[in-house]
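1. I would like the atomic coordinates for the input below:
(one chain, ligands or ions: 3)
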Amino acid sequence: MTVLFSQKRILVTGGAGFLGSHLCRRLVKQGHEVLCVDNFCTGTRRNIIDLLDDPKFDLLRHNVTFPLFVEVDEIYNLACPASPIHYQMDPVQTTKTSVSGAINMLGLAKRLKIRILQASTSEVYGDPVVHPQPEEYWGNVNPIGSRSCYDEGKRCAETLFFDYYRQHNLGIKVARIFNTYGPNMRPDDGRVVSNFICQALLGEDVTIYGHGQQTRSFCYVTDLIDGLDRLMNSPPNITGPINIGNPGEFTMRELAEKVLAITGSKSKLVERSLPEDDPKQRKPTIELAGKLLGWRPTINLDEGLKSTIAYFEGLLREHGKAIVGDRTLQPSSAIDK
Ligand code: NAD
Ligand code: UDP
Ligand code: UDP
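-> Ligands and ions are numbered 1, 2, ... in the order given. Alright, predicted model coming up:
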């Protein structure tokens, strides 16, 4: 039997979610043992179904707001609903997940003297008045609005990470993740890429919030996971926060038009009211990730959308839905490393 001396036992909280499932799969492929901890509030078994029979993969249904006593070598803390409609459904639980969840995972890392990575977010910049957003920018966040449970929860989690670093000398890594998309998002996730694709594939109206002039920068999931892996395995003095995202910037109307063009759908673009405190523009500066991690995104939006559309097409067919449009797409695995 080959013994992998670099093999670790790695805890991934939120491992049944969109990003977590890709991370678990990558770590198992690298030869590590993975303990996925998830309460399934937005995650699904389908995302990790292929891993369930793998002897290197363990699944524990657990809410990170409660203490967790396990023995691992490294922690990726991803547990937290990420879509506005989901994190606003139970806002108190969202803040608890970010804050109490971070305290528990930091306490666990402190007891075991191990590294811990936090999945932070571009939402810490709020509705930014500095564009694009560098890591030094402190943000423009409403502390009492409907997005605050997520934004302020994630900001407080960053505070906790840096206090455990300063007070307990803990090995921390903080990634500020910008909008990421790809296979394993839920069709009812509510975020813009999954909404537009499912609406286009089903021939439903594509819902543009406001006039669609707000911008976002979309990173394909495999690029993002590569960035997290590089950050976790970077030298101890690299703590972050580090932006991980794709700087290509698009309006939501441009995104909708791309989705219609690729799906060949004749869906109509309709305008709906803009949600409260919806950031008007967002784009990361990624020089720091380039310099410190040698990381840059490799998959452009058209390429990533094709793969994501192929995934949703398969998923919707599985659910017995009729798909519209005229296209030939590559399977999603074609660009998934
Ligand atoms: P997701 O909703 O698909 O996954 C989150 C996972 O965490 C789900 O499996 C959910 O069941 C689990 N979870 C939630 N609360 C929990 C709790 N209290 N205890 C245990 N498990 C819990 O979201 P995602 O897009 O995969 O995001 C993963 C992480 O990355 C989140 O922390 C999110 O804030 C961060 N992030 C994501 C994006 C993005 O664009 N995808 C952008 C910025 C930050
Ligand atoms: N904790 C945990 N698992 C551990 C160690 C700690 O869940 O293996 C939790 C513990 O319940 C506590 C939190 O992490 O609520 C913070 O722990 P820490 O030791 O930093 O603080 P203290 O216990 O001194 O409040
Ligand atoms: N959005 C939209 N139509 C939708 C869903 C979202 O126009 O069906 C817009 C939303 O108002 C926001 C952008 O798309 O301006 C990104 O929204 P998402 O919820 O994906 O992420 P976040 O706002 O957290 O960046």
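2. helices and strands around the helix or strand where Lys258 lies, which ones?
-> Assessed by DSSP states H and E, Lys258 sits inside helix 252-263. Here helix 252-263 touches helix 192-202, strand 206-209, strand 215-217, strand 269-272, helix 301-318, going by 3 or more Cβ pairs under 8 Å, 6 or more residues apart in numbering; DSSP states H and E. Bear in mind the C-beta positions are built from the backbone N, C-alpha and C, glycine included.
3. need these in CSV with mean pLDDT, mean neighbour count and distance to Leu35, can you?
-> Below are the helices and strands packed on helix 252-263 laid out as CSV (pLDDT from 0 to 100; neighbours: other Cβ atoms under 10 Å; distance: least, Cβ to Cβ, whole Å):
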stretch, mean pLDDT, mean neighbour count, distance to Leu35
helix 192-202, 98, 24, 28
strand 206-209, 98, 20, 38
strand 215-217, 97, 21, 32
strand 269-272, 98, 13, 41
helix 301-318, 97, 19, 26
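4. In TSV, list those along with distance to ligand 1.
-> Formatted as TSV, these follow (distance: least, Cβ to the nearest ligand atom, whole Å):
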stretch	distance to ligand 1
helix 192-202	9
strand 206-209	17
strand 215-217	9
strand 269-272	21
helix 301-318	12
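5. Tabulate the ones you listed (JSON lines), appending distance to Phe161.
-> Shown next, in JSON lines, are the helices and strands packed on helix 252-263 (distance: least, Cβ to Cβ, whole Å):
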{"stretch": "helix 192-202", "distance to Phe161": "28"}
{"stretch": "strand 206-209", "distance to Phe161": "32"}
{"stretch": "strand 215-217", "distance to Phe161": "24"}
{"stretch": "strand 269-272", "distance to Phe161": "36"}
{"stretch": "helix 301-318", "distance to Phe161": "29"}
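6. Arg26: which of those is closest?
-> Distance to Arg26, taken as Cβ to Cβ, is lowest for helix 301-318 among those, at 16.1 Å.
7. relative to helix 192-202, how tilted is the closest one?
-> Put simply, helix 301-318 runs at 60 degrees to helix 192-202, going by axes from the mean of the first three to the mean of the last three Cα atoms, to 10 degrees.
8. hmm, helix 301-318 touching ligand 3?
-> No: using Cβ under 6 Å from any ligand atom, helix 301-318 stays clear of ligand 3, coming no nearer than 12.9 Å.
9. Could you tell me how many residues sit around Lys321?
-> 15 (other Cβ atoms under 10 Å).
10. Please enumerate the strands of the stretch 1-150 of the chain.
-> 9-13, 33-38, 57-61, 74-77, 115-121 (DSSP state E, counting those that start in this stretch).
11. for ligand 2, what are the nearby residues on the stretch 1-150 of the chain?
-> Close to ligand 2, as judged by Cβ under 6 Å from any ligand atom, the stretch 1-150 of the chain has residues Pro67, Leu68, Phe69, Ile103, Asn104, Gly107, Leu108, Lys110, Arg111.
12. okay, among these, which ones form the most distant pair?
-> That would be Phe69 and Ile103, which, of those, are the farthest apart (Cβ to Cβ) at 14.3 Å.
13. Would you mind telling me which of the two has the busier surroundings?
-> Using other Cβ under 10 Å, the more surrounded residue of Phe69 and Ile103 is Ile103, with 17 against 9.
14. Next, the contact list for the closest residue to the more buried one other than its chain neighbours, please.
-> Counting by Cβ to Cβ, 6 or more residues apart in numbering, Ile103 lies nearest to Leu160, which is 6.2 Å off, once chain neighbours are set aside. Leu160 makes contact with Val99, Ala102, Ile103, Leu106 under the criterion Cβ atoms under 8 Å, 6 or more residues apart in numbering.
15. how about the strands of the stretch 1-150 of the chain in a markdown table, adding mean neighbour count and distance to ligand 1?
-> Putting these into a markdown table (neighbours: other Cβ atoms under 10 Å; distance: least, Cβ to the nearest ligand atom, whole Å) gives the following:
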| stretch | mean neighbour count | distance to ligand 1 |
| --- | --- | --- |
| strand 9-13 | 25 | 6 |
| strand 33-38 | 25 | 4 |
| strand 57-61 | 16 | 8 |
| strand 74-77 | 26 | 7 |
| strand 115-121 | 24 | 4 |
